[in-house]
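> Got a predicted model here, sequence first, then my questions.
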Amino acid sequence: MPLFVGTSGWQYADWRDQLYSGVPQRLWLEKYGEAFATVENNNAFYRLPSHETFESWRERTPGDFVMAVKASRFLTHIKRLKDPEEPVQRLLDVADGLGSKLGPILLQLPPTMSVDCERLRHCLARFPKAIRVAVEFRHTSWWTEAVRETLGEFDAALCWADSRGRPMSPLWRTARWAYLRLHEGQARPLPSYGDRALRTWLDRLGDVPDAYVYFNNDLGGAAVRNALRFAELARDAGHRVSRTGIPD
């Protein structure tokens, strides 16, 4: 499997000069799909799209495209993983519209949610084994061996995240695959990542069989530039990388 490299979302007005010059907004996903073979879809976090919308995203993207989906905040922030059966099933029912293009599901927990290993286990158990799940914890109480073992039990990836060049979690490997989000770099122009930071994260990923890497530093098109550069550095290091490159 390759190293999948893309961005967190695609609908950013200040990417016009970087990626969407002369392209109407209704065709931005098609244009994005020409440049990258994967995206992390954050829309579902704020408002869960319909099955038909997911189907349209499947139809509008190339055959090799993979879409990771950030789970609804109803599950992660309102329910806080409690009673996950209905919200997880509703998410799976609509995301099924992506068919074979469905990538991992990201559960990003609120920074105010402290450790609850039983809720985590119960929620992860609701997902079929064929669905990959990554979990982004944002409260330090989650860094326990019980949490690490629970993630491993379900082959769920601890989402590695970076802010200002620093890991926001332990760099546990809890699955046979990896998931990395890069939120904010310190290179100029801000919030870009420089080559040193990108190489550091590439080294941390090491020889993991397959990984998903998404740049969330969208301001000013930094995510697009950094994703392209990260893919270039990864190829130079001998990694097999998903398709990247802005067409002429």
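Okay, I see it.
> Backbone dihedrals for the residue nearest to Gln108 when sequence neighbours are not counted, please?
Excluding its sequence neighbours, the residue lying closest to Gln108 (Cβ to Cβ, 6 or more residues apart in numbering) is Glu136, at 4.3 Å. Every residue, glycine included, has its C-beta placed from N, CA and C. Main-chain dihedrals, Glu136, degrees, to the nearest 10: phi -110, psi 100.
> Which residues are in contact with Glu136?
When contacts are counted by Cβ atoms under 8 Å, 6 or more residues apart in numbering, Glu136 touches 106-109, 159, 161, 169, 181.
> which of the residues you listed lies closest to Lys31?
Nearest to Lys31 among the contacts of Glu136: Arg181, at 22.8 Å, using Cβ to Cβ.
> Identify the residues contacting the closest one.
With Cβ under 8 Å, 6+ apart, Arg181 has these contacts: 8, 40, 136, 159-162, 214, 216.
> can you tell me which of those residues are in helices?
In helices, defined here by DSSP state H, there are no members of these.
> any chance of those in a markdown table, with distance to Thr76 and pLDDT too?
Converted to a markdown table, the contacts of Arg181 look like this (distance: Cβ to Cβ, whole Å; pLDDT from 0 to 100):
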| residue | distance to Thr76 | pLDDT |
| --- | --- | --- |
| Ser8 | 16 | 98 |
| Glu40 | 15 | 98 |
| Glu136 | 9 | 98 |
| Cys159 | 12 | 98 |
| Trp160 | 18 | 98 |
| Ala161 | 15 | 97 |
| Asp162 | 20 | 97 |
| Tyr214 | 17 | 98 |
| Asn216 | 16 | 97 |
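> Could you tell me how far the nearest residue to Glu55 once chain neighbours are set aside is located from Arg196?
Leaving aside its chain neighbours, Glu55 sits nearest to Gly97 (3.9 Å; criterion: Cβ to Cβ, 6+ apart). Here Gly97 is placed at a distance of 40 Å from Arg196 (Cβ to Cβ, to the nearest Å).
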